[in-house]
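> the following block contains a protein sequence and its predicted model.
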Amino acid sequence: MTTPSDAVPLPLSLPLGEVPAAPDWFSKDAARWCAAAPPRWTGLGLQALALVVALVGGLLVIGFSEPDQVCSERDPCGTDWQLLPFAAVLVFLPCAVLWLPSVARVLLPFGLVVPVAGLAGASRLSAGFLAGGAVMALGLAVAWCAVHVRLRARGRQRALHEEATAGYRAALPRPLPRFRGGLVRITTGAVLLLVGGLFVLWGVVAQSESDARGARAEAVPAVVLGYAEGGDGDPDVRVEFLEGPYPGETRTIGSGYAHGYPVARTVTVLVDGTWLRLRAEPYDAMPQQLAAALFLAPGAALIGRGLLLNRRARALRSGPQPVLRVAVWPSTGEQVVDLYPVNAADAGDVRARALRRHDQTVVIREAEPEDDLAAWDVGVDELDDEENDELDDEDAYEDEDEYFAGVLYGPFHEDAAPALLTGLPRGGVVLAVLGDVVAG
C-alpha cells in the first residue's frame, strides 16, 4: 500500500481539485480481498431456492406418508390457527436468507426447532415422518452454514478494505440523488402485509359466520350412502336423512375428509334451510392461512430489506467515508464497472466487478461534446443507433489500454454499495453509487 504522497500515476487521472487524500489499492491487497470472497456455493439466491425445495419436499414426504386425518363429532377438525405462524415462519426463512442474511443466521437455528419438535411430539414416528423431518432439518442446516460462511467472508473483505484504506477518510464530493430503493421495498412490503392481513380477516370472518350458523342450525341424523366427486376435485359425502326437514331424501355434502366416513355409518348433519354441514367438520380456514403466510412473510422481509438499504444509504451520505484509490476499466455506457488495483497492468485478472446505479449517478464535471459522457447519464438503451455504434467502435477511446483513475468511498465488500468517483476522457468526472459487488 502507498500513501497519497507517492501514489501511482494513471493516464486518465482525476482533476487535482476533486481527489481526496487516499491510499492506493495495490495488487497484493486486491488479491487478498478477492481471495476472501464468499464461495460460489454460498450464493444467497441459490441457498434460498434450495431451502424452499427442502422445506416443501419435507412437508410433502410427511403429508404423503401419514394417514389421512379422521374427523369425528367428539374430535371435530375445523380451523387450527397454529398453522398460520408455522407457515409464516417457513416462508419467511428463505426470504430472510435472500434479503436479510444477518437475520437468517440468527433465525435458522430456531427454525430447526420446527422439525425437531414435530419429531419429538409425534405419537408415532413413521419412516415417512422421519424422512420428511430429516430433509427439512438438513435444508435448514445447510442454509445456515452457507449464510454463516458468506457473512464471515464479508467481514474479512470489510477488514481487508479497512486495512488498505489505512484510516484515510473523506466526505463525498457532491450530494447524491435521493435513494428511493428502500422506500420502494418498504411500500411493496406494506402492500403485501395488507393483502396477507385481508386473508386472515377473511378466514376469521368466514369461520365466525359458519360457527354462528352452525349454532342455530338443526342437528339431523343421516346415513352415509357413498361418495360423489366435489367441485374442488375431492370427493364429497352422499347421505340420506333419517328425520328432520328432509326425511328419506339424499343430499351431497361437502367434505374435506370424505373417506373418513364409511358407508352405512350414521353421521350428524347441521341443517339451516338449504345450508348443510357435517358436525364433525366445522369451517376450516386453512386456505386463507396459507395464502396469508405467502404474503405476510415476504412483506415483512421486504420491509426489513428496505430499512437496511435506507440505513446504508444514509451512512454513505452522512459523513467521512473510508477512501481508496483504484483503477477503473473504461466502460462508458455499460452498467458493469470493473475495478482494478492501481498497478493494473501487473495485476493479472485481479479485480472487482459491480453494477453502476443509473439513478444514483451525478455528473460533477461535463466533458467535451465529443466525449461519450452522455452514456453515463442516460444509459445505452436511450441513445440513438449512431451513438450506440460509436460506443461499440473499437476506436471509441484514444487508448483502450488506459484506465480511468477512481476513488472508492464507503465500505467495500460483497453486497456493499460504495460510491465511485471516476474521471472520463477530456476532463469528465462522475460520482456513481455501485451495487452487487463481487470479486472477479
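Cool, got the structure.
> C-alpha from now on. contacts and neighbour counts both.
OK.
> now do the helices in this structure.
Here the chain has its helices, by DSSP state H, at 27-35, 44-65, 83-99, 101-111, 113-121, 127-165, 181-216, 286-318, 374-378, 385-392.
> to Leu278, which of those lies closest?
Evaluated with Cα to Cα, these place helix 181-216 nearest to Leu278, the distance being 9.6 Å.
> list the buried residues in stretch 353-367.
By 16 or more other Cα atoms under 10 Å, the buried positions in stretch 353-367 come out as 353-357, 359-365, 367.
> pLDDT on it, on average?
Computed over stretch 353-367, the mean pLDDT rounds to 82.
> OK, contacts around the closest residue to Val184 other than its chain neighbours?
Closest residue to Val184 apart from its sequence neighbours, by Cα to Cα, 6 or more residues apart in numbering: Gly306 at 7.5 Å. Applying Cα atoms under 8 Å, 6 or more residues apart in numbering, we find Gly306 in contact with Gly181, Gly182, Leu183, Val184, Arg185, Ile186.
> how about Ser72?
Ala280, Glu281.
> and it, how far from Gly155?
Separation of Ser72 from Gly155 (Cα to Cα, to the nearest Å): 57 Å.
> so where is the stretch 51-200 of the chain shaky, pLDDT-wise?
Applying pLDDT under 70 to the stretch 51-200 of the chain flags the ranges 114-125.
> sorry, back to before: dump the contacts of Gly306 to a markdown table, plus distance to Arg265 and neighbour count.
Output for those, formatted as a markdown table (distance: Cα to Cα, whole Å; neighbours: other Cα atoms under 10 Å):
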| residue | distance to Arg265 | neighbour count |
| --- | --- | --- |
| Gly181 | 61 | 15 |
| Gly182 | 60 | 21 |
| Leu183 | 59 | 16 |
| Val184 | 58 | 14 |
| Arg185 | 55 | 20 |
| Ile186 | 55 | 22 |
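> tally of neighbours for the nearest residue to Ala31 once chain neighbours are set aside?
Counting by Cα to Cα, 6+ apart, Ala31 lies nearest to Val350, which is 6.0 Å off, once chain neighbours are set aside. Burial of Val350 is recorded as 21 neighbouring residues (other Cα atoms under 10 Å).
> again, but for Val19
17.
> give me the spatial nearest neighbour of it, chain neighbours excluded.
Val407 (7.6 Å).
> could you check how far that neighbour is from Asp349?
Taking Cα to Cα as the measure, Val407 falls 20 Å from Asp349.
> those two: which is more packed in?
Taking other Cα under 10 Å, Val407 and Asp349 do not tie; Val407 has more neighbours (25 against 12).
> surely the more buried one meets Val326?
Yes: contact criterion Cα atoms under 8 Å: Val407 and Val326 qualify, at 5.9 Å.
> domain ranges for the protein?
4-23+320-439, 34-165, 178-318 (automatic domain parsing).
> now render these as CSV, adding distance to Ala171.
As requested, those are exported to CSV (distance: least, Cα to Cα, whole Å):
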stretch, distance to Ala171
domain 4-23+320-439, 4
domain 34-165, 14
domain 178-318, 8
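> now stretch 263-278: how far from the chain's centre is it?
Computed by Cα atoms, centre = their mean, to the nearest Å, the separation of stretch 263-278 from the middle of its chain amounts to 46 Å.
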